Structure formats: C-alpha cells, structure tokens
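[1] Below are the sequence and a predicted model; questions follow.
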Protein chains: 2
Amino acid sequence: MSKEIYRGRVVNLSVEEVTLPNGATTRLEIMKHPGAAAAVPLFEDGTITILRQYRHAVGGWLWEIPAGKLDKPGEDPLDCAQRELAEEAGLAAESWHKLGSIFTTPGFCDEIIHLYLARDLRDVPMEHEVDEVIEVHRMPLEDALAMIPREELQDTKTMAALQATRLLLT
Amino acid sequence: MSKEIYRGRVVNLSVEEVTLPNGATTRLEIMKHPGAAAAVPLFEDGTITILRQYRHAVGGWLWEIPAGKLDKPGEDPLDCAQRELAEEAGLAAESWHKLGSIFTTPGFCDEIIHLYLARDLRDVPMEHEVDEVIEVHRMPLEDALAMIPREELQDTKTMAALQATRLLLT
C-alpha cells in the first residue's frame, strides 16, 4: 500500500506499507526521484570542467560536475547528460563513455545517477536557469581528485565520477 | 519563509522561499535529514566487514558499510558510528579515524554522512531491527573496491569510504 504525501517539482514523497524479504512488514517513507545523469568533461590536456554551485539545502557552495535530473523517468540518461553538459558547462562532446550508476540515498530515496565521461569537447551556448547559481571552472583532473581527502570536494556523485575516470585512465 | 509539508520518521519535507546569492528568489523543496555516520571496519589482515542490505527504496540488495542516522541533529557522529558498527556488524573498535564528510543529494536534501575507519576490532552482540534486512559478510578491502567498476557496489557512501580507506593505506 502506498500513500502519496506530496507531489513536488523535484521529488514526490510517499509512505508505503511494505513486506520485506524477511517477512516483516513496515512503514517506509520513500522519496520518489526521476533519476539523474552527470558527466565529467575531460579535455585532451587532462583538465576537466567543474562547477562551483550554490546549494541552499546544504547552506553553501559545492564543487560538482555538470548534472541534472531526467526530464521524465523514461528519458535516456545519455540525452540528459548531454543536455546538462550543454546548459551548465557550455560544452558538447563527440565521445561518451558510461562510468556506471550510483545510488545516493537508498535508505529513503530511489534516486539513481548515471555517470558519464565526456570527451572530444567543443563550446556551445550555456543556459543557466535563474535558480542555478553556478560558476564554471577548469582544472587538472588530478587537482580535483586532490580536493577529496582535503574535504574541499564533498559531493558524492562527483567523487564517484572522478574516481571512476581516474581508474579508466590508469 | 519555510512551510513544513510532512514530518516523518527519517526525513521532514519543507518548501522554502529562498533568496539565492545571485539575488533570485525561488521556491525549493528541501528534505531535512538529521545527518548520518558510517564506518569501514578494517581488520589487520586487510579484510573488512561489509553488509548486504535489502533496500526497498531501490528495489534490491546493496553492498553497504555499517551506517545509520544520528539520533538527533546534535549527536556526536562518532557515537553514532560506534552504535551502528555494534548493532549492524556486531563489532566494536578501539581505533577510530575520520575519513571525511560527504553530501549525498545536495540538490534537495541536507543529508551529510560522516565517514570513519574503525580498527582494532572485537566482537560484540549484533542487534538488527526487524525492518533491517542485513547479511554480514567479510572480504578483502581490495575485493570490495573491485566491485565498484563492475557496478556491483553502487552505494555512494560506501564507495567514498572505501576509496578514502585505500588512499589512507597507500
């Protein structure tokens, strides 16, 4: 049994009565998210484009790769990654490589993020929405990775995608 | 202005009217989460304890390190990590090392997870709650890390914590 509590712009909240594999029944709060896609834009010189984005939810600025949610649950995540790369970073890529898919908060939300490596880049017009507060930066991949142990880069999709990129290149 | 939509067991949902650093005003759906802590239990032989946990929200079983939410927003995350290590993995640790803190879903949720490395381990009683469907496994850290590029390990806190552990040991 599922009862919808709230239908929002990004997420829907439901309370579900579920039977678990051990036979127990419980009541779970589940956020329904359409899913998302993100891309590491990697240039031939080993630099990447990375965003500095203001995130009201966590009260500050985070280093993040270009990403966004699927327009609808059935959207091809590659289409979504291509759209977000253009809109947020002003880039288009000829070469795309899937890095994997991750679950961000499996305890209470079904969000999955599909991660890509984007290469053979060219500039295209950027289109930031008025509620997207984004600075576009460029730095060596290794410099971005070095921010992780210093706790300067704390966004999990970005951590996972950069580490997968390093693994692919080594 | 903040309007609470739902007060739940794990998360609260609010809709907030906010003014962003660029002066734009917008309406954001924000999930309020108390925060969480997680631990990598590392034995002297290079193996770790890792859980196979059923997650209804994502419809399947995930590999995850022991973790749980703070009892209240002000709880010391180390206390939380120690409690979850005991309850979920049946372990206590003499030696604790902070691996960092991560944001799982900064677009719509304030959840932060504090990551620890737990060493000098001993067995203590396990206490799984009836709605926690958990198998306890032990494997080399390197075997767990190897599951990431194969997309067999997809939980972001676990990915971040294992990779931080590897970095610390090398």
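    That came through, no problem. Numbering: from 1, shown residues only, chains lettered A, B, ... in the order given.

[2] contacts, neighbours, all on C-alpha from now
    Fine.

[3] and the gap between A:E135 and chain B?
    11 Å (C-alpha to the nearest C-alpha, to the nearest Å).

[4] For chain B, see how far away the residue nearest to that residue when sequence neighbours are not counted is.
    The spatially closest residue to A:E135, leaving aside those adjacent along the chain, is A:R52, at 5.0 Å (C-alpha to C-alpha, 6 or more residues apart in numbering or on different chains). To chain B, A:R52 is 13 Å away according to C-alpha to the nearest C-alpha.

[5] wait, what's in contact with A:R52?
    A:R52 makes contacts with A:61-64, A:134-137, as judged by C-alpha atoms under 8 Å, 6 or more residues apart in numbering or on different chains.

[6] for A:E4, same thing?
    A:12-15.

[7] What's the PyMOL line that selects buried ones from those?
    This is the PyMOL syntax for the buried subset of those, where burial follows 16 or more other C-alpha atoms under 10 Å in any protein chain shown:
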select buried, chain A and resi 12+13+14+15
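
[8] and which of the contacts of A:E4 is nearest chain B?
    For the contacts of A:E4, the residue nearest chain B by C-alpha to the nearest C-alpha is A:L13; the value is 8.3 Å.

[9] where does that closest one land on pLDDT?
    On the pLDDT scale, A:L13 is placed at 90.

[10] out of everything not next to it in sequence, what's closest to it?
    Using C-alpha to C-alpha, 6+ apart, the nearest residue to A:L13 is A:M31, at 4.6 Å.

[11] Check the burial of the one you found by counting its neighbours.
    Using other C-alpha atoms under 10 Å in any protein chain shown, the number of residues around A:M31 comes to 27.

[12] so how far is the strand or helix carrying A:S101 from its chain's centroid?
    A:S101 is part of strand A:91-103, with elements assigned from DSSP states H and E. The chain centre lies 11 Å from the centre of strand A:91-103; the measure is C-alpha atoms, centre = their mean, to the nearest Å.

[13] gap between the two ends of stretch A:54-74?
    Taking C-alpha to C-alpha, to the nearest Å as the measure, stretch A:54-74 stretches 28 Å from start to finish.

[14] mean confidence score for it?
    94.

[15] Show me which residues of it are buried.
    Applying 16+ other C-alpha under 10 Å to stretch A:54-74 flags A:54-58, A:61-70 as buried.

[16] Any residue of it touching chain B?
    Yes - residues of stretch A:54-74 contacting chain B under C-alpha under 8 Å from any C-alpha of the partner chain: A:54-58.

[17] Throw the residues you listed into TSV and include distance to B:D79 and secondary structure, thanks.
    Shown next, in TSV, are the residues of stretch A:54-74 next to chain B (distance: C-alpha to C-alpha, whole Å; DSSP: H, G, I helix; E, B strand; the rest coil):
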residue	distance to B:D79	secondary structure
A:Y54	30	strand
A:R55	28	strand
A:H56	28	helix
A:A57	25	helix
A:V58	22	helix
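
[18] who's in contact with stretch A:10-30?
    Counting contacts by C-alpha under 8 Å, 6+ apart, the residues outside stretch A:10-30 that touch it are A:1-7, A:31-34, A:108-110, B:8-11, B:29, B:54, B:56-57, B:108, B:130-131, B:133.

[19] Throw together a ChimeraX command that grabs the buried residues out of the residues you listed.
    Here is the ChimeraX command that selects the buried residues among the contacts of stretch A:10-30 (16+ other C-alpha under 10 Å):
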select /A:5,31,32,33,34,108,109,110 /B:10,11,29,54,56,57,108,131,133
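
[20] Let me see the confidence value for A:R7.
    Taking A:R7 on its own, its pLDDT is 88.

[21] Equivalent analysis for A:L91, please.
    Value for A:L91, per-residue pLDDT: 98.

[22] How many neighbouring residues does the closest residue to it other than its chain neighbours have?
    Nearest residue to A:L91, sequence neighbours excluded (C-alpha to C-alpha, 6+ apart): A:D123, at 4.7 Å. Neighbours of A:D123 under the rule other C-alpha under 10 Å: 11.

[23] Phi and psi next, for A:D123.
    phi -80, psi 140 (degrees, to the nearest 10).

[24] Surely it and A:A92 touch.
    Yes - between A:D123 and A:A92 there is a contact under C-alpha atoms under 8 Å: 6.3 Å.

[25] before we move on, back to that, what residues are up against the residue nearest to A:L91?
    A:D123 neighbours (C-alpha under 8 Å, 6+ apart): A:90-92.

[26] how near is it to A:L162?
    A:D123 is 21 Å from A:L162, by C-alpha to C-alpha.

[27] Now do the helices in chain A.
    A:77-89, A:141-146, A:156-169 (DSSP state H).

[28] For the last one, name the packing helices and strands.
    The reference is to helix A:156-169. For helix A:156-169, the packing partners by 3 or more C-alpha pairs under 8 Å, 6 or more residues apart in numbering or on different chains; DSSP states H and E come out as strand A:36-41, strand A:60-64, strand A:91-103, strand A:112-123, helix A:141-146, helix B:156-169.

[29] Would you mind giving these as JSON lines with distance to B:I48 added?
    What follows is the helices and strands packed on helix A:156-169, written out as JSON lines (distance: least, C-alpha to C-alpha, whole Å):
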{"stretch": "strand A:36-41", "distance to B:I48": "30"}
{"stretch": "strand A:60-64", "distance to B:I48": "30"}
{"stretch": "strand A:91-103", "distance to B:I48": "21"}
{"stretch": "strand A:112-123", "distance to B:I48": "26"}
{"stretch": "helix A:141-146", "distance to B:I48": "24"}
{"stretch": "helix B:156-169", "distance to B:I48": "10"}
